[in-house]
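Student: Need a 3D model of the following:
(chains A and B)
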There are 2 protein chains.
Amino acid sequence: MENTIFQYDIHPDELGRRLYQYRIKAFHAGYLKAAAEENPQSYIHLFRIDYIVRGRGFILADQQVYPVEAGSAVFLPPSALLIPTEEQEELEVYFVNFEISNLPMRQEFLRRMSSLIPQFQVRDTEDQAMKFMLENIFAEASNHQPGGCLIIQNLFSSLLIFMVRQAQKGLAPHSLAPVPVKNTNYLISRAVSYIQLHLQENLSVKGLAQHLGISEIYLYKLFKAHTGQSVQLFILNYRLQIAKDYLSNPDYTVKMIADELGFASPHHFSSIFRKHVGISPTGYRRQLQEQNEMLLNPE
Amino acid sequence: MENTIFQYDIHPDELGRRLYQYRIKAFHAGYLKAAAEENPQSYIHLFRIDYIVRGRGFILADQQVYPVEAGSAVFLPPSALLIPTEEQEELEVYFVNFEISNLPMRQEFLRRMSSLIPQFQVRDTEDQAMKFMLENIFAEASNHQPGGCLIIQNLFSSLLIFMVRQAQKGLAPHSLAPVPVKNTNYLISRAVSYIQLHLQENLSVKGLAQHLGISEIYLYKLFKAHTGQSVQLFILNYRLQIAKDYLSNPDYTVKMIADELGFASPHHFSSIFRKHVGISPTGYRRQLQEQNEMLLNPE
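Tutor: Now for the predicted structure:
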């Protein structure tokens, strides 16, 4: 009887080390079916991975538009959006919203991902490993079993590694020509992108209309038709949603969040938040933590 | 056309949070087929997960012996061992050696795992999810693709979560009666366990023989037959192997390693290491890092 042993040493590598250091945190996982009138929630995210299950769409990023279709995973930085190709076309996507908790490395992450995946998209292969990962993320997110959150974070960082590998295998387009698009989807997407990029500044409706080359009245109608809200209300809800996302991450202080969202002071941020959400930012954060604990220790 | 969105919030839970804080690092993954004369390497580990693919064995832990069979995953603390049931029986296992990098939480991890998995073992279910994870760990460990190390750490922490879940589902024995065993496997296992538990002290061959209730001559013969080495040499190699494992983890300083292994001073540790390995501990660590970088940037 022969004894056999083989053993692999597990060594850190550059990509793994970086991704670990970024401290990526996924905080929402979801499914979205969107047609002409998109759900405004789908416009509001920090970083996002979209996986297109059905339909064709456009990625709007860096003021360019790139086509994308089913079976692709899309990396969306905070200022980019995914929109349906035609106003009447349906687009079905899995999505995960995430953020880089290691704030000093946030820009580096963005640069690196944009250079690894220049057209913001990679193809899944025949075995659909990426789709499988997303399905497991949703299964864990909906099951509330012990350790589920860490499994999701694990699956999600593995998903990003898979996207980089697919890109390196040539499964990411490198020279897609930007597409000329002229429809209201494109207009509103540019508007949202502008809002995201100027969140820290004193955002005015006038400045936004000028940027888009349309009148303020048309801008108002556009937002009302697409999101059911005025521009002002959309911007406010945008800020509040991002604030809630940040608050769910204990790595951010209230001061950091107020700065990121362009509030004059933490006090100003707190009073606006309390007025519209009905509770202070710290109270909201405590509430989230208590809910989590109840969810996991029901007795 | 109806628009649909569902969205799950991803909240941290207690188990996930703890496992994240422990900073678990897997540093070897392997496969082992062991019969009468085990490979001495299989005795030397910090923490270890064994997955029994074929055969039956005993877990020796806390001076007790528990039976275990194919299809079980075994959690082995540093002082525990897995041995074949019969001296002639073959045992096939996948294993992963790991360590808790967050040293202040090491004892807490040990207590927690021992209370969650009191008999050190859980059953895999029909779909063999745990076996699948280990197979993926080996595939990543042998492929050297970018990010592989992080994928392995992710899979490994997910594996631990699965083990806890299986235990909570009742798939872990809670009242296995310890088994009376009297053979040389058991003797040598108790010896190795004693060595591990007394590494930090001044280990003597005499003390070890007394602990086992055998003569020093019989102890010598036992080690020679099982490991091909004298007891003294086995202990030295044990210390050096653990030292190498620690050195592969940048979280440990040379001083911490010297303390953990019971050397009088970092200087004494360095000179013993240099004498037997041919290079200083810091040199060894640098060499490992350079090898990793070459492996991943071959051009």
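
Student: List, one by one, the residues from the stretch 51-200 of chain A near chain B.
Tutor: A:88, A:90, A:138, A:141-142, A:144-155, A:157-158, A:161, A:164-165, A:168 (C-beta under 8 Å from any C-beta of the partner chain). Every residue, glycine included, has its C-beta placed from N, CA and C.

Student: which of those are buried?
Tutor: Buried subset of those (neighbour count, 16 or more other C-beta atoms under 10 Å in any protein chain shown): A:90, A:138, A:141, A:145-155, A:157-158, A:161, A:164-165.

Student: Can you report how many residues neighbour A:Pro180?
Tutor: Burial of A:Pro180 is recorded as 7 neighbouring residues (other C-beta atoms under 10 Å in any protein chain shown).

Student: next one: the one 10 residues further on
Tutor: Counted with other C-beta under 10 Å, the burial measure for A:Arg190 works out to 19 neighbours.

Student: For it, which non-adjacent residue is closest in space?
Tutor: Using C-beta to C-beta, 6 or more residues apart in numbering or on different chains and skipping the chain neighbours, the partner closest in space to A:Arg190 is A:Leu212 (6.0 Å).

Student: tell me the contacts of that neighbour?
Tutor: Each residue near A:Leu212 by C-beta atoms under 8 Å, 6 or more residues apart in numbering or on different chains is listed here: A:Leu187, A:Arg190, A:Ala191, A:Tyr194, A:Leu219.

Student: Name the nearest of those relative to B:Met105.
Tutor: Using C-beta to C-beta, A:Tyr194 comes nearest to B:Met105 of the contacts of A:Leu212, at 46.2 Å.

Student: What are the contacting residues of the helix or strand where the closest one lies?
Tutor: Following DSSP states H and E, the helix or strand that holds A:Tyr194 is helix A:184-197. Helix A:184-197 has contacts (C-beta under 8 Å, 6+ apart) with A:38, A:43, A:58, A:60-61, A:63, A:65, A:78-81, A:83-84, A:87, A:203, A:208, A:211-212, A:214, A:219, A:222-223, A:225-227, A:231, A:234-235, A:238.

Student: taking the mean pLDDT, what do you get for stretch A:5-25?
Tutor: For stretch A:5-25, the mean per-residue pLDDT is 85.

Student: how far is that stretch from where the chain is centred?
Tutor: Centroid separation for stretch A:5-25 versus its chain: 24 Å, with C-alpha atoms, centre = their mean, to the nearest Å.

Student: for that stretch, how far is the first residue from the last?
Tutor: Start to finish, the residues bounding stretch A:5-25 are 38 Å apart (C-alpha to C-alpha, to the nearest Å).

Student: mind giving me the domain split of chain A?
Tutor: A:15-168, A:198-291 (automatic domain parsing).

Student: Quick check: which of the ones you listed is buried the most?
Tutor: domain A:15-168 (a mean of 20; mean count of other C-beta atoms under 10 Å in any protein chain shown).

Student: Quick check: end-to-end length of that domain?
Tutor: 12 Å.

Student: again with stretch A:98-117
Tutor: 17 Å.

Student: Quick one: low-confidence residue ranges for the stretch 151-299 of chain A.
Tutor: Filtered on pLDDT under 70, the stretch 151-299 of chain A yields the residue ranges A:174, A:181-185, A:291-299.

Student: How about the spatially most central residue of chain A: what's its closest non-neighbour residue?
Tutor: Centroid check for chain A by C-alpha atoms, centre = their mean gives A:Arg48 as the closest residue, at 2.4 Å. Using C-beta to C-beta, 6+ apart and skipping residues adjacent in sequence, the residue nearest A:Arg48 is A:Leu76, 4.2 Å away.
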